[in-house]
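Requesting a structural model of the entry that follows:
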Amino acid sequence: MTVTYSSKVANATFFGFHQLLLRWKGSIYKLLYREFILFALLYTVLSVVYRIVLSEDQKRLFEKLSMYCDKYAEQIPVTFVLGFYVTLVVNRWWNQFVNLPWPDRLMFHISSCVQGKDEYGRLLRRTLVRYVNLTSLLIFRSVSTAVCKRFPTMDHVVEAGFMTPEERKVFENIRSPHLKYWIPVVWFSNLASKARQEGRIQDSIDLQNILNEMNRFRTWCATLFGYNWVGVPLVYTQVVTLAVYTFFFACLIGRQFLDHTRGYQGHDLDLYVPIFTLLQFFFYCGWLKVAEQLINPFGDDDDDFEANWIIDRNLQVSLLAVDEMHMNMPHMTKDIYWNDCDARPPYTLAAADYCIPSFLGSTTDMGSGIKFSGSCTILSIFLMFAGFGSSPPSFLPRCQVLEYFKYE
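Numbering: from 1, shown residues only. The predicted structure is shown next:
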C-alpha cells in the first residue's frame, strides 16, 4: 500500500508540491481529520458556553483560567520532544526498509554454482530457493499483520507451496519455545553441504559464498524480528503523546477569544475562529501522526511496506532465476561498438540537453585566467633562507614559476 509520487516531483517547478496537497490516499488529511474535527467542535462548544451560558461572574473566572492556561501552555516543550521522537521513529523505519530480505544475491549464486540440468539438479536448486523464501515468510508472518492475515496458519503456508506436508511434519516435530524461522536456514545449509559432497557444487569456495549469502539473508530476517521485538520505549511514546494532547487541551481554554471590552492584553480582536491555533494543531498532531504511522511499517496503513508483494516477487524471481534461466543465455554477438574505441550512445532530441562534456576537475581552466607580473621576490626570499645566496640550484624550477602572480 505504499504511496508513490516520485514521478510527480521529478523536476523542481513553480509550486511543484501543490499538486501533492490535493491527494487523499496516504495524506495527512486522511490520518488527522477525525482529531481535527473533534478539536474544532470542543473549541466551539467552549466558546458558545463562554459567550452565552456563563454569567458575568463566571465569565470573569473563565477569563482568568484562560489567561493562565495560555501563559503556561507555552512552557510545555512540544517542539523539542516531538521533533526528537519523530526523528527516532523515521530512522527506525528506514533501517527496517534497508533490512528487508531480498534473495537476489543468493539466487544468482545458486543458479551459477549448483550444477546440473537434469531433474535432480533442478529439484536441488528449486528446493534451496524455496527454503530461502520460507525463511522470510516465517519472519513476515511474525511481524506483519497483512501477511498474518494471508497466512494465518501453517496449513496456508503448505497450501501456498512454501512447504511440503513432509517438511511440515519435521518442522512441527522440532520442539522449541522460540520462533522457528531458523529451521529452513538449517535445512538450506545441510542441503548445500550435501550438494558439495555430491559434486553439484564443484568448489568449496562456491559453497562458502552460498552459505555466507544465506547468513546475510538470515541477518536481515533477524534484524526485522529484533525491531519488532524491541520497539521505541513505551515511556517515550507516552511522554510525547501526553505532551501533545496536554498542550492542546490547555489551548482549548487558553486560546479562547475573550471579551475585548475588558482590555486584556492580546485580546483586542474577537475573530471567533482561532485560525493559527487550528494550524498549530494540524502541524503538531500531524507530526505525531507521522510517527504513529511509521513506528510499525508492517501494518495496514497507506505507507506501510508491501510485505505480501515482497513475498510474491521474491518467490517468482528466485524460482525463475534458478530453473528456467539456469545456464540459459542468449548467443554472444559482437556489439555495435566492436571497432569503435570511443563508444558514444546516441541521444534523442528530447534528451539532447543531457549530453555534456566530461568533468576534468575544477582547476582545469585556471591556466587561461592567470597573469604573471612583478619580480622574483618570493624566490629571492626563499633562496636567502635556504642559504643559496642569489644563484638558484639546478633542481629548482624556473624563476617564473615561483614569482608573485595574481588572478584576473
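
per-residue confidence for the residue nearest the centre of the chain?
The centroid of the chain falls nearest to Trp94 when counting by Cα atoms, centre = their mean (3.2 Å). You'll see Trp94 listed with a pLDDT of 95.

Might you list the low-confidence residue ranges for the stretch 251-400 of the chain?
367-400 (pLDDT under 70).

And the helices in it?
Chain-ordered helices for the stretch 251-400 of the chain, with DSSP state H, counting those that start in this stretch as the definition, fall at 275-294, 307-322, 377-386, 399-402.

Quick one: those as a markdown table, columns for distance to Leu252 and mean neighbour count too.
Yep, even glycine has a C-beta here, placed from its N, CA and C like the rest. Shown next, in a markdown table, are the helices of the stretch 251-400 of the chain (distance: least, Cβ to Cβ, whole Å; neighbours: other Cβ atoms under 10 Å):
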| stretch | distance to Leu252 | mean neighbour count |
| --- | --- | --- |
| helix 275-294 | 9 | 17 |
| helix 307-322 | 40 | 18 |
| helix 377-386 | 74 | 14 |
| helix 399-402 | 76 | 13 |
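
among those helices, which is nearest Phe80?
Set against Phe80 and scored by Cβ to Cβ, the helices of the stretch 251-400 of the chain come closest in helix 275-294, at 12.0 Å.

Output the contacting helices and strands for that closest one.
Other helices and strands packing on helix 275-294, by 3 or more Cβ pairs under 8 Å, 6 or more residues apart in numbering; DSSP states H and E, are helix 28-48, helix 78-98, helix 234-254.

Put together a markdown table for those helices, with distance to Asp268 on each row.
Output for the helices and strands packed on helix 275-294, formatted as a markdown table (distance: least, Cβ to Cβ, whole Å):
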| stretch | distance to Asp268 |
| --- | --- |
| helix 28-48 | 17 |
| helix 78-98 | 26 |
| helix 234-254 | 17 |
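
closest one to Pro330 among these?
Judged by Cβ to Cβ, the one of the helices and strands packed on helix 275-294 that comes nearest to Pro330 is helix 78-98, at 33.2 Å.

Flag every buried residue along the closest one.
Within helix 78-98, the residues that count as buried by 16 or more other Cβ atoms under 10 Å are 78, 81-82, 85-86, 88-89, 92-93, 96.

what's the angle from the helix or strand just after that helix to helix 307-322?
Next helix or strand after helix 78-98 toward the C-terminus (DSSP states H and E): helix 104-113. If you take axes from the mean of the first three to the mean of the last three Cα atoms, to 10 degrees, helix 104-113 sits at 20 degrees to helix 307-322.

List the neighbours of helix 104-113 that are in contact with it.
Residues outside helix 104-113 that contact it (Cβ atoms under 8 Å, 6 or more residues apart in numbering) are 125, 128-129, 132, 201-203, 206-207, 209-210, 213-214, 216-217, 317-318, 321-322, 325-326.
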